[in-house]
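Peer 1: Fold the following.
(2 chains)
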Amino acid sequence: MSPEALLELRGVTAGYGVRSVLSDVTLSVGAGEVVGLVGPNGSGKTTLVRVASRTLRPSAGEVLVAGHDPYRLSGSQAARLVAVVPQDVAPAFSFTALEVTLMGRSPHLSRWGSSDPEDWAVARRAMAAVGVQHLADRPLEELSGGERQRVVLAQALAQDAPVLLLDEPTTHLDLRHVLDLLSLVRVLAERDGRAVLAVFHDLNLAASACDRVAVLDGGRLVLLGRPEEVLTHVMLLDVYGVEADVRPGPRGRPTVDVEPPRAAAAPLGRHAHVIGGAGRGAGLMRMLVERGFEVTAGVLHATDTDDDVAARLNLERITVPPFSDVDEESVSACRSLIARADVVVVCDAPYGPGNLANLELALEATESGTPVVLVEPSPIGSRDFTDGRASELWERLRARAEVAGGYEGAVAAIG
Amino acid sequence: MRLGARRQRRALVLLALALAGSVIVALGVGAVSVSPAESLRLVGWKLGLLDRPGVPPSTEVILFALRLPRVLLAAFVGAALATSGAVFQGLFRNPLADPAIVGVSSGAALGAIAVIVLGGAGILGGTAITVAAFAGALLTALLVYRLARVGPSVHVATLLLAGVAVAAVVSAAISIVMSLSGEQIRSIYFWLLGGLGARGWRSIAIVAPPILIAVVGAWLVAGDLNLVALGEERAAQLGVDLDRFKRRSTALGALLAACAVSVAGVIGFVGLMTPHVLRLIVGADHRRLLPAVALAGPTFLILADLVARTAIAPEELPVGVVTALLGGPFFLWLLRRERRRAAGVA
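Peer 2: Residues are numbered from 1 along each chain as shown, chains lettered A, B, ... in the order given. As a prediction, the model looks like this:
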């Protein structure tokens, strides 16, 4: 992307054993740039950090750090180019904070490994930069989680590498130190021209600290761009399954406001079948999965957002090729999925000849006594592309189903 | 950290003085006492620095044929055991690891016993047992290492378990050999108990060079041992080549343990305890710890051996009994004190 990219991942696929955790990820971080990495649990953020830090060799694609393939360099050559801040360290023996910080100088030491005054000075400066110089002679295990995390950050700073990877650097920090860390990260990028890639759970922190944000979901890079382009209502619903209020903050950065849904978690083993289309089912499927439902979906069209999300969620689903009509075989396959379901949710998709069969399937379900919930934030008239046939089916459904105005309402009706 | 550096140098000087003191005391004490001045002048004369002092020839014999080789052997074995213990504790990130952990002790015992049972004890001028024990120790360590290796990587937890399992199998084999050995059971038992007496200059000539090389070699992996204490992944992120590090440290630890066991039998507690005690004094940094244990291990073993040969003279206690009797309670006291201090009680 930028001509002076310090960290580049090109088509990286990686995983453990035969299981791929990252697939085909392409991402670059330029000098002076801070890129945030966000995504739900298990989306591959930590795996990406491991690939970039030479601890997990990708099975396909390539990694370049300052133009070098780190897997072709020696360990200490690579460690002079990339520094990692892990979430925590727990040494097996009692080292002082200064000793731990000094270990960050290891890649710069000679074979005999003695630290010269320059190394001590760099370590001292690193400790001062994160405000832990007063802890220098304290054993690490006596420090609080936040103090320890800052010592680990000092260790990575002492490494003095042009690329800095942070894996959830703020987990144990209080508000004061979170802000200090974020401003330090900005300084490291802007003043020293380092490339920073940082994993965040808190989207507001990511929005306030990063030049760009990358969203991982199911091991794929699904969005990459400026915070205000990426952190949107639609993304939160698609990727996290969360209804959130996203507004521009005082300094133009988006702020994300969420509150816990009032719907209770699903009783174990509840099965919901989602009839979606045109991306209208994605958020709902995600929400139902998060709440512990067994979720199936269909009939979907391939390449539709809903089909994509259902695939990432690893849902059992019925899919037909894009732009084709739903055929008889798919209808009967979907009918057997619906027969197993405790509830069917029909989303506010646009209905045309290609997916009219979905409404017929829902109607059949009501006839056989399966509860059906209609999601209807907008009237069917605006979504009917069948000269009234869809509207007719929808009205018949409406008479037998529960009607919800939005996703939260639908989930509440189901739960 | 100027203060720390000064404190560290001072600790090393004190440890070196303690070692010198223990050597002089151990040379002097026994059925015939030799004063420190006499010892020093005799050693000076042997080195060609002084004229022959006016002491009886018997003193010369006692010093050079009995006490000096015994003290030197204790020094080398102590350095080997303590360094090996520190390396294995660092490699396994486990404070309970000791030089016996990779099966070297039982392997050495099997080698020695095989020679005794086959009646080869007198071959090679009496060094056949030492050589066989050394071969047994190294072969067992190699076997354990191969069992724990998958491709280029060694899984340290597997290494630990394989060591324990192989040691159990070899110990069972030793028991079978012993129960079938009849006449020789006494000499086998004597070897198993371990001891530094009656091994002489020849044993020193065999094990001193590899011990010196491996002790200094261990200082070369000291920086990596520090990083590995943070966890293997963190160590790799900081530039440690894990496969090479594990190969080297296993080889060094096993070589040192094999040298020690082959000349002195199984002596417990030195390798386990010395690193712990020294960590409390000089800290956990292996770049300080390894030189410190290489001075403290010999001191401890020289003094323990002194007690072993004088406590119930003219009979001798096995030195392993003394290291356990002296070391065990001291270690427990230290452990309790540290725990209390950490809990803020004391």
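Peer 1: Run through the helices of the stretch 151-300 of chain B in chain order.
Peer 2: B:156-180, B:185-193, B:200-220, B:222-228, B:232-237, B:242-264, B:270-282, B:286-310 (DSSP state H, counting those that start in this stretch).
Peer 1: Quick one, which of those gets closest to residue A:109.
Peer 2: helix B:222-228 (6.5 Å; C-beta to C-beta). In short, each C-beta sits where N, CA and C put it, glycine included.
Peer 1: which residues does whichever residue of the stretch 151-300 of chain A sits closest to chain B contact?
Peer 2: Using C-beta to the nearest C-beta, the single residue of the stretch 151-300 of chain A nearest to chain B is residue A:159, 7.1 Å away. Residues near residue A:159 by C-beta atoms under 8 Å, 6 or more residues apart in numbering or on different chains: A:79-80, A:83, A:104-105, A:107, B:238.
Peer 1: Could you rerun that using 10 Å?
Peer 2: A:79-85, A:101, A:103-108, A:122, A:126, B:237-239 (C-beta atoms under 10 Å, 6 or more residues apart in numbering or on different chains).
Peer 1: Now that we're looking at residue A:293, what pLDDT does it have?
Peer 2: With respect to pLDDT, residue A:293 scores 84.
Peer 1: Surely it and residue A:410 touch.
Peer 2: No - Residue A:293 is beyond contact range of residue A:410, at 11.8 Å (criterion: C-beta atoms under 10 Å).
Peer 1: okay, and the common contacts of those two?
Peer 2: A:272, A:274, A:287, A:343, A:345.
Peer 1: What separation is there between the third one and residue A:232?
Peer 2: When distances are taken as C-beta to C-beta, to the nearest Å, residue A:287 and residue A:232 turn out to be 17 Å apart.
Peer 1: more crowded one of these two?
Peer 2: Set residue A:287 next to residue A:232 and count neighbours by other C-beta atoms under 10 Å in any protein chain shown: residue A:287 wins out with 23 against 16.
Peer 1: wouldn't the more buried one be in contact with residue A:240 here?
Peer 2: Yes - using C-beta under 10 Å, residue A:287 is in contact with residue A:240, at 9.3 Å.
Peer 1: got any ranges where chain A has weak pLDDT?
Peer 2: A:1-3, A:111-113, A:260-269, A:415 (pLDDT under 70).
Peer 1: ok so, going back, mind checking which of the contacts of residue A:159 are in helices?
Peer 2: The helices, defined by DSSP state H, take in A:79-81, A:101, A:103, A:122, A:126, B:237 from those.
Peer 1: which of those residues lies closest to residue A:200?
Peer 2: Nearest to residue A:200 among the ones in helices among the contacts of residue A:159: residue B:237, at 19.8 Å, using C-beta to C-beta.
Peer 1: contacting residues around the nearest residue to that closest one once chain neighbours are set aside?
Peer 2: Distances taken as C-beta to C-beta, 6 or more residues apart in numbering or on different chains place residue A:84 nearest to residue B:237, at 4.6 Å, with adjacent residues excluded. Residue A:84 sits next to A:49-50, A:52-55, A:152, A:155-156, A:159, A:161, A:163-167, A:197, B:233-234, B:236-238 when contact means C-beta under 10 Å, 6+ apart.
Peer 1: how about the helices in the stretch 301-415 of chain A?
Peer 2: A:305-312, A:328-340, A:356-367, A:389-400, A:407-414.
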